[in-house]
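Chemist: need a 3D model of the following:
(chains A, B, C, D and E)
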Amino acid sequence: MAETVRRTSGQTVVNDMEALRQRARELLDAGTVQVIIGYANGSNRRVRPFFARRPEDLERLILDDRCVLNLAVYLRKPEVKALGKAAVIATPPLLRSILQLAAENHYQESEAVFLALDSAGNVLELSSAEQIAGVLGSLPGSTGQDACVPSADRMPALSAGSTDRQARFAFWKQEFERCIRCYACRAACPMCYCEQCLVDSNQPQWIPVAAHSIGNLEWHISRAMHLAGRCVNCGACSEACPAGIPLNLVNQFLADRIQQEFGQKAGTSAKLDYALSVFSGSDRETFIK
Amino acid sequence: MSEFEPKIIAFVCNWCTYAGADLTGTSRMKYAHNVRVIRTPCTGRIDYMLILKAFSAGADGVIVSGCHPGDCHYTSGNYHARRRWMVFRSLLDFLGIDVERVRFAWVSAAEGAKWAEVVNTTVADIRRLGPYTEYQNLIGRGVERSFQV
Amino acid sequence: MSRIGVFVCHCGENIGATVDCAQVAQMSSSIPGVVHSVDYKYMCSDPGQTLIKEAVKEKKLTGVVVAACSPRMHEPTFRRACAEAGLNSFLCEMANIREHCSWVHEKGDQTTQKAADLVRVLVEKVKRNRPLRPIQVPVTKTALVLGGGIAGIQASLDIANAGQKVILVEKDPSIGGHMAQLSETFPTLDCSQCILTPRMVEVAQHPNITLLSYSELESLDGFIGNFKARIRKKARKVDEKLCTGCAVCTQKCPQKKIPSKFNAGLGMRTAIFVPFPQAVPNKPVIDIENCRYFKTGKCAVCQKLCPAKAVRFEQEDEILEIDVGAVVCATGFDVVNTDFFPEYGYGKYPDVINGLQYERLASASGPTLGEIRRPSDGKIPETVVFLACAGSRDRAKGIDYCSKICCMYTAKHAMLYRHKVHSGKAYVFYMDIRAGGKMYDEFVRRAIEEDGAIYVRGRVSRIYERDGKLIVKGADTLLGGEPIEIKADMVVLATAAVASPAAEELAQKLHISYDSYKFFSEAHPKLRPVETNTAGIFLAGACQAPKDIPESVAQASGAASKVCGLFSQDQLSREPLIAAVNRTAPPQYSSCTGCFLCESVCPYRAIERETITTRGGKPIRTIARVNPGLCQGCGTCVAVCRVKAIDLDGFSNSQLYAEVRALA
Amino acid sequence: MSPENVYQPYLMRIDRAVDEAPGIRTFRLLFEDEECGKNFRFKAGQFGEYSVFGEGESTFCIASSPTRTGYIECTFRQTGRVTSALAALDEGDILGFRGPYGNVFPVDEWKGKNLLFIAGGIALPPLRCVIWNALDLRENFGDVSIIYGARSVADLVYKHELEEWGKRDDVKLMTTVDPGGETPDWKGQVGFVPHVLEKANPSSENTIALVCGPPIMIKLTLPVLAKLGFAAGDTFTTLENRMKCGFGKCGRCNVGKYYVCVDGPVFTLEQLQTMPAEF
Amino acid sequence: MSETRSLRKQSIPSLLEKLEQNGQRIIAPQPAGPSGTPWFTDLDRERHIDLEQMTAVSPKSGLFPVVEEILRFRKDGKQVVIEGDKVKVQPTVLFGLRPCDARGLRILESIFQEGEPDVFLRERRAATTVVAFSCTAADPDCFCTSVGGGPGDTEGSDLLLSAIDDDHFLVEIVTPKGKELVELGAGLFEPAKESEQTKVLAAVPVRFPIADVLTKLPALFNLESFWQEQSLACLGCSTCAFVCPICSCFDLEDEADLKCGSRLRCWDSCGQRLFTLHASGHNPRSVQSQRWRQRVMHKFSYLPERGRKARGSAPAEGSTSLLGCVGCGRCSRSCPVDMNLIERLTAIAESDL
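Modeler: Residues are numbered from 1 along each chain as shown, chains lettered A, B, ... in the order given. Have a look, this model is predicted:
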């Protein structure tokens, strides 16, 4: 059904689950953490976030290429916080989002523990942004795009070298017109932590709340601008979108542009390195006449 | 049939371009009437949302202008703006929005003639591109209406 | 409750000739909220202003739009008129229908339509204006001057003489700076110390100046008028109050072989020392790195012999907290060090020296008592080569700029040498001679024409030693690049002036910006040359860029007058068009998310962090706060704030939004 | 006028605008269509949706008494987009009104009873409607007592009416301001409403209590009323949950299974005690 | 069984063409976006209708559009004129619904028509003919049979088509409107063959006892830990509400320039934090578990109870006809955190207070 294209087989990409479980068990037993946030098999071939609080829950933990939802969003949820300190089964995109959050004062040192597997299958236990920044580059899967999220190749209007602006416009117009403004993209995004999103502020109402064409376009442009230089490309937005809009493509495009132009990549350091809050006297300005 | 008169909204900084446009006036240079200037303190203040709002207010073209690099009254506002515009412009282009309709320019307080030139060339360019119906057709689209008036 | 009045000015024929002003007034009257709309020949005239004032009162206007000339022209006029009628002056806006409309378009409906559109835009804006009052900030009338060189001395004296308090902080044991090291000064050849030391004494004795020598700035917080400075007063190990400056200690100190910094390494000093005889304060300092007592625990000769019992080995650094209202940064410059010129053998050959060392040789108070004797063997050099632009204007060395003072002092050096060694030959290698300044070019000519300095245009490629001589290899570019080789006894490098090594750290403490060479940046290169971007912090002297004495002094006086201007009021009154972070009801308190991207774009460091706490003091969340003393109102923060928690009065989100929507 | 479209408001002209207190304004509204005005009826406690065209709708009670026809009054505090836009309107301007919605205070059932009104701050408007209703039919009721408090003297609303009530022999009015909120010439009491109520010690005999105010005031007042012997079924208040439609469709205002817009806004304390704390 | 006909599968394009020629707007599920998931949209020229996959979003927009103008006004200086007092909807065919979708439209109608009747929904329904197709396949998220529906349920449909073999649909004419449509397509419909429609219907097992859900819910309200556990993973994204055929919470928004404007009714969701936030900052449903509880209670407790009240005594307690759920399973399918509704309702049914 709906998920056939967006979600792939559920093929296991992690073979060292037992090591992760073992470390998680130790953390629970020692009382270092009260909950392990990870993924488990869900209903109808889906995966779901999973909150293991007892050692026996840990058997259910899995990690495979369906695990796109970025668990970092739970670190800001009051009900999850109320469970106590958490250890999170970490994928590279999640760790990048933690770094970016730390840079933006939204992850406090040792607020949680992150369990990641290095390429040798060893479990790394990370809690400070410095630790994460130190190991991130060496983690398997830390570069490149996750296979599950839509890629531009499948969309002719966006394929590299396409100069047909109108085709791009038509493509995105059609995509955005399906948007029903459920804001699942926002809810699933670790960087969308704002208590009151721009679309929710109405004095003035910058972005129309109505899900009509212009409102949707402005919403998605705005969201892309807000994530420019901050998006870690986890793909959770596209994954969450019930209308299947390939939102991550927009964010990924801007991330690539920013990296090309300014050499900046979000979520690689705990120090704020935001492309839009710094500048260089020699920034290109060929478009300014 | 009369010539298409584009609607152009300009966002300018107070210290350079606004003053430059004043100079155009005091020099009595003539330029196309199509532009409506909105004054901001600095290009750093010019939010990308304003450009979007200009289009959804039916603008066929937008001018964004401020101090030359190095001349910012607030030292760095225009540098920040330049980066923001670069990103914004890339985004618009990726989404297929016609970036030729957004003219970015540096116009100093001494460049009265340049302001006239910026307005005139922008008006000519937009005239050549025609009304931005592609975008304006989005306005009101997606609303079910069933009133009979 | 908007009750807006629109006043359309004809400006005689200036507007009236191309814009149908009556029609603009008529069209404006149907804008929602407009209760009064008229046109008049000259709005800025007395009767015109009266028209506005009366309407404000009679129609109980809550906002006024004057459609006339540029606001840059008459905004103050109309705002004052409104204020006189009892309407807050910030509730008056101008629609520019002259410079932006009538003067630049031909007469016609479209021009009138444009004028009406501009009025509508401003009506929508003014509906959303808030009454504002100028911001009042109290001013602490004490200036902090950092650096006791000639710039710092001048600034301190000017401020103090104007009746304001000054704290002068100098990192070295004595004030005086580089100027105290100089022999004679161009273009008059006054003795440097003769003109400087009276100023130094004046500083020490001035009732309005507190001199903190041997002290450094630890940190600076706060904002214009209200800074809090923490100053580290380094331990002299000598009680300044008891010490009489009798110099017994410095004479008796057994540790005598320490290179003197004041003499640029050419002379020696003791471990307890006064940097130079005219030092202010004339109180010694113990250099604990070299002091035998501190190294071995034995000695204490100075303590035993001091008649005033002023030596205090146990003395510790002291931190002073001082409230100041303004800061003058006059921390000076430095010259590049020895490893900068391997090709010239600087640091390798003792007789290749820099300009500052030459100054000490030429100084009557220097190690040679003013005789030009070369460091290696004390012989009087027969041939001296002076190299201008040693490092300056040299991309390969990473210094693109001109150090500005070298052309002049090199001419002076050659001249002094020729005055002192009549038989000697003085060669000067130069790129260009930059002698812009009163009596400067004449001075250089004098060196060449009267004192016989031999000027060679060209760069020196290498200096090496052969047969006890320094071989200077270069090319004479005036003679088509003909190779030239001079056997010299001494070489003087006019080394590039660079920012002092501590400049970067200091800039960060002061929150001021600096250029890629670590020289501090002025607020505007032309119009605000003594101010920094941080309101209340001013620049004087060579910390901003290399400069000579008169320029440093002039800038110091400029900075002093800025400080005095600031101190002339008890309260600082500032344009209230500044940013503010919203506050909302609990449990949110503000829509600010605390990401502090605003902090990273603010050129004025005006964004502070504010922690909201419960009544019991438990922190709830940390949000941004704009320091109204620092914000200049550029609005860059507003544009980067995703949630629009920060807004700018006068150019607020709702105003700009409404202005655009008015054109829909 | 098409009664078909439930969202279509009456066009109302602002006949009178009064600034009550900082940020608080009262409008007297006349029906543009006189016929509508003549036929319009409502009862005490009901509310409506007031709109500024282009900005949206906002919910508040009808603050005038149903005994006075031909116009309605509303009092609101400027907080959000709509109320700010409303505040920017002036006499002669047009706004939209749809209603009346919601249930009513059973004023008709209170014949012969004493009425005790307790209000705080901006919550006087819903009770003012009942107060005037009762005063206009004065003979139907026993004692009428009003305890009204605000943070400061400036924050008191309906200042002229307070004066009028204070002068009447048949109304017992006690006004109070929070400590620190008094002015030099303040003649009323100083203290919080619950304390003033406790001191006043009104009899609960044959008396209906109507309480409206900020949550904290209500929370502290209810125990006092209970102590004074007021039955939960004789204690009335109104709830003000957020709503959009006003007639039970938009899904916002429900408190458990009760829709404030349809089943309320008037509730007895007895009812409230059975309801979940979703207000 | 009602009146029946037979329709060849290959006649469908001709039928749609005829309807279009007759001035009908046709809304049908067509593949959209990179994933090709079908979406209810105006029929486009290629006419590729996907009846196999279930649409991600229900067809409720056919009666309750995502954004609908409910008021239009013009401003002229100080004057305001309300424009348009007559509502007229273009005749529309909602084509390719599932029985659960059609049933959802019925419920939507009852929600909007009780109390203050909604003229827009009424006119839309009056102008709309619902052509549904019975389900021949179901997936583990389907639970129509647990909430009173079924793969061949005719409630809410005007016509119900069942693919009885590879070439034919059995057409059940459920309402006179359905009959009108058949008449519009005269020539394409043939007399029904003998067929056993039930044979081709999907088997959808009953997943949980709904009666237990209905009786246990009111008492569960105050058990906060229960709701917290149920919604621990919930992101508050509202996808469930937006894809749901019945969720009908809405927002009213004005959009205008200085001259004219509209008041719009827009889809909204009780799952959003700001939905109930007061201007004072107070929020009666301040945490996600309360909002999740609201969603479940609204569908399975408040709606049935209010419906009963509105209609007098009948139908009886435990009846499924007034539930806010038709068991289409869309919420489970699109939930980004796999909050499966069957699981949650089962937990409610099995709860032991």
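
Chemist: so in terms of bridging, what pairs with residue 64?
Modeler: Reading this off chain A. Using DSSP bridges, the bridge partners assigned to A:Asp64 are A:Thr12.

Chemist: that's the other chain; I wanted chain B
Modeler: B:Phe11, B:Phe104.

Chemist: pretty sure it sits against B:Arg103.
Modeler: Yes. Using Cβ atoms under 8 Å, B:Val64 is in contact with B:Arg103, at 7.2 Å. Every C-beta, even on glycine, is put in place using the N, C-alpha and C of the backbone.

Chemist: sticking with the nearest residue to A:Pro49 once chain neighbours are set aside, tell me its helix or strand.
Modeler: Setting aside the residues directly before and after it, A:Pro49 is nearest to E:Ala233 in space (Cβ to Cβ, 6 or more residues apart in numbering or on different chains), at 4.6 Å. Per DSSP states H and E: E:Ala233 is located in neither a helix nor a strand.

Chemist: what about E:Ala233, how many neighbours?
Modeler: Per other Cβ atoms under 10 Å in any protein chain shown, the neighbour tally for E:Ala233 reads 24.

Chemist: so who does it touch?
Modeler: Counting by Cβ atoms under 8 Å, 6 or more residues apart in numbering or on different chains, E:Ala233 touches A:Arg48, A:Pro49, A:Phe50, A:Phe51, A:Tyr74, E:Val337, E:Asp338, E:Met339.

Chemist: kindly reformat these as a markdown table containing neighbour count, pLDDT and secondary structure.
Modeler: Listed next are those as a markdown table, based on neighbours: other Cβ atoms under 10 Å in any protein chain shown; pLDDT from 0 to 100; DSSP: H, G, I helix; E, B strand; the rest coil:
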| residue | neighbour count | pLDDT | secondary structure |
| --- | --- | --- | --- |
| A:Arg48 | 20 | 96 | strand |
| A:Pro49 | 26 | 96 | strand |
| A:Phe50 | 24 | 96 | strand |
| A:Phe51 | 20 | 97 | strand |
| A:Tyr74 | 24 | 97 | helix |
| E:Val337 | 25 | 96 | coil |
| E:Asp338 | 22 | 96 | coil |
| E:Met339 | 23 | 96 | coil |
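
Chemist: now, which of these sits nearest chain D?
Modeler: Among the contacts of E:Ala233, E:Met339 lies closest to chain D (Cβ to the nearest Cβ), at 19.5 Å.

Chemist: and the pLDDT at the residue nearest to A:Pro49?
Modeler: Note on E:Ala233: pLDDT of 96.

Chemist: ditto for A:Thr163
Modeler: pLDDT at A:Thr163 comes out at 77.

Chemist: try the one 5 residues further on
Modeler: Per-residue confidence for A:Arg168 comes out at a pLDDT of 93.

Chemist: thinking again about what came up before, which one of the contacts of E:Ala233 is nearest to chain C?
Modeler: Using Cβ to the nearest Cβ, the contacts of E:Ala233 come closest to chain C at A:Tyr74, 17.8 Å.

Chemist: grab the nearest non-local neighbour of the closest one.
Modeler: That would be A:Val80: by Cβ to Cβ, 6+ apart, it lies 4.5 Å from A:Tyr74.

Chemist: contact partners for the one you found?
Modeler: Contacts of A:Val80 (Cβ under 8 Å, 6+ apart): A:Val35, A:Ile37, A:Phe51, A:Tyr74, A:Ala86, E:Leu232.

Chemist: one more: C:Asp548?
Modeler: So C:Asp548 contacts C:Phe186, C:Lys404, C:Ile405, C:Met408, C:Gly437 (Cβ under 8 Å, 6+ apart).

Chemist: let's go with 10 Å and repeat that
Modeler: The neighbours of C:Asp548, taking Cβ atoms under 10 Å, 6 or more residues apart in numbering or on different chains as the test, are C:Thr185, C:Phe186, C:Pro187, C:Lys404, C:Ile405, C:Met408, C:Tyr409, C:Gly437, C:Tyr440, C:Ala542.

Chemist: ok, E:Gln79 next?
Modeler: C:Ser30, C:Pro32, D:Leu11, D:Glu32, D:Asp93, D:Ile94 are the contacts of E:Gln79 under Cβ under 10 Å, 6+ apart.

Chemist: for the fifth one, give its distance to D:Glu34.
Modeler: As judged by Cβ to Cβ, to the nearest Å, D:Asp93 and D:Glu34 stand 18 Å apart.

Chemist: the two: who's more crowded?
Modeler: Neighbour totals were compared for D:Asp93 and D:Glu34, and D:Asp93 leads with 21 against 10 (other Cβ under 10 Å).

Chemist: E:Ser61 in helix, strand or coil?
Modeler: Look at E:Ser61: counting by DSSP: H, G, I helix; E, B strand; the rest coil, its state is helix.

Chemist: now it: closest residue in space that isn't a chain neighbour?
Modeler: E:Ser61 sits nearest to E:Phe40 (Cβ to Cβ, 6+ apart), 6.6 Å away.

Chemist: pretty sure that neighbour sits in a strand.
Modeler: Yes. With three-state DSSP as the criterion, E:Phe40 is located in a strand.

Chemist: residue contacts, the closest residue to A:Arg53 other than its chain neighbours?
Modeler: In space, and not counting its chain neighbours, A:Arg53 is closest to A:Val35: 5.2 Å by Cβ to Cβ, 6+ apart. Counting by Cβ under 10 Å, 6+ apart, A:Val35 makes contact with A:24, A:27-28, A:50-54, A:57, A:74, A:80-88, A:112, E:232.

Chemist: apply 7 Å and report the result again.
Modeler: Neighbouring residues of A:Val35 by Cβ atoms under 7 Å, 6 or more residues apart in numbering or on different chains: A:Phe51, A:Ala52, A:Arg53, A:Leu83, A:Gly84, A:Ala86.

Chemist: determine which two of those residues are furthest apart.
Modeler: A:Ala52 and A:Gly84 (12.2 Å; Cβ to Cβ).

Chemist: more neighbours, these two?
Modeler: A:Ala52 (23 against 11).

Chemist: now the strands for chain D?
Modeler: For chain D, the strands defined by DSSP state E cover D:10-21, D:24-31, D:47-52, D:56-61, D:71-77, D:94-101, D:114-120, D:144-150, D:172-177, D:189-190, D:207-212, D:235-238, D:266-268.

Chemist: chain B: helices as residue ranges?
Modeler: B:17-26, B:48-56, B:77-94, B:112-129, B:133-136 (DSSP state H).
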